[in-house]
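S.K.: got a predicted structure plus its sequence, pasted below:
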Amino acid sequence: MVLWLGTGDAYELLEGLVKAEYGLPALPAVERDENGKPRFPGAPGLHFNLSHSGGLSLCGAGRAPLGVDVEVLRPRRPGLARHVLSAEEYAWFLRQGGDWGAFYTLWTLKEARVKCTGAGLRQAPRSIAVPLLAPGEAGALDGLVFRAYSGESWRAAACCGAGEAPPRQIVRIS
C-alpha cells in the first residue's frame with residue numbers, strides 16, 4: 001500500500017500515485033460498487049481509497065482492499081467525543097489528554113475501517129471498533145491492519161486486510 005497526502009483535488013493526487021507507483025499511463029475509470037465504495041473495474045487487482053478535509057487530500061492504493069481518512073484538526077461541539085466513542089475509546093481519549101488531536105486519531109481510524117470494508121457510516125460510530133493507537137502506531141483488529149498518522153494540523157489513518165500493511169509513513173506531496 002502507498003499513501004500520498006497533498007493539497008488540491010484528490011483524484012489528481014490519485015492519478016499521480018497510480019502513474020508513479022503502479023506504472024499506469026492514466027487514472028483508470030472509476031465506478032462504485034453496490035455499497036458506494038469506489039473501484040477500478042478495468043484494474044481489478046488494484047484497490048484505492050480517497051479522503052479530503054479542508055485543503056488536504058489523502059489517497060491510498062494497494063493490492064488489497066483499503067480505507068483511508070484524513071481530518072484537519074478543528075474544534076467540534078462539546079460532548080461529541082462522548083457521543084461517538086465507545087466507553088473504552090473514551091477512556092483512552094481522556095488518558096491521551098482529551099484534546100481534538102486524540103479525538104481525530106480515533107475518528108480517522110473508524111472512518112478508515114468502514115471505508116476499507118465498504119460498510120460506510122451506516123451504524124452508530126461508537127459501535128465501530130478500532131485498535132487504540134497513537135499517531136505512528138500500527139495494530140490489528142478483526143482481521144484488519146491499521147496505522148495512525150499525524151501532522152501539526154491533521155490526523156489520518158489507513159486500514160487494510162491482513163494480506164497487506166499500511167506503510168510506516170505517508171508520502172507528503174505538498
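M.R.: Good, I have the coordinates. Residues are numbered from 1 along each chain as shown.

S.K.: C-alpha only now, for contacts and for neighbours.
M.R.: Will do.

S.K.: beta partners for residue 69?
M.R.: Beta-bridge partners recorded for residue 69 (DSSP bridges): residue 157.

S.K.: may I ask you to confirm that it is in contact with residue 57?
M.R.: No: here residue 69 does not reach residue 57: they are 9.0 Å apart, not a contact under Cα atoms under 8 Å.

S.K.: more neighbours, the two?
M.R.: residue 69 (30 against 23; other Cα atoms under 10 Å).

S.K.: where's the more buried one relative to residue 15, distance?
M.R.: For residue 69, the distance to residue 15 equals 18 Å [Cα to Cα, to the nearest Å].

S.K.: just residue 167 next, same as before
M.R.: 19 Å.

S.K.: ok, for residue 35, nearest residue in space, not its chain neighbours?
M.R.: residue 118 (6.3 Å; Cα to Cα, 6 or more residues apart in numbering).

S.K.: residue 53 now?
M.R.: Among residues not flanking residue 53 along the chain, residue 71 sits closest, at 5.2 Å (Cα to Cα, 6+ apart).

S.K.: returning to what we had before: which residues are common contacts for residue 69 and residue 57?
M.R.: Each of 50-51 lies in contact with both residue 69 and residue 57 under the rule Cα atoms under 8 Å, 6 or more residues apart in numbering.

S.K.: quick check, central residue of this structure?
M.R.: residue 68 (2.0 Å; Cα atoms, centre = their mean).

S.K.: where is the longest helix in this protein?
M.R.: When the chain is parsed with DSSP state H, its longest helix is helix 100-117.

S.K.: for that one, packing partners?
M.R.: Counting contacts by 3 or more Cα pairs under 8 Å, 6 or more residues apart in numbering; DSSP states H and E, helix 100-117 packs against strand 66-72, helix 87-95, strand 144-151, strand 154-161.

S.K.: mind putting the ones you listed in JSON lines, mean pLDDT included?
M.R.: Converted to JSON lines, the helices and strands packed on helix 100-117 look like this (pLDDT from 0 to 100):
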{"stretch": "strand 66-72", "mean pLDDT": "98"}
{"stretch": "helix 87-95", "mean pLDDT": "98"}
{"stretch": "strand 144-151", "mean pLDDT": "97"}
{"stretch": "strand 154-161", "mean pLDDT": "96"}
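
S.K.: could you dump these to CSV with distance to residue 3?
M.R.: What follows is the helices and strands packed on helix 100-117, written out as CSV (distance: least, Cα to Cα, whole Å):
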stretch, distance to residue 3
strand 66-72, 9
helix 87-95, 26
strand 144-151, 11
strand 154-161, 9
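
S.K.: perfect, that will be all.
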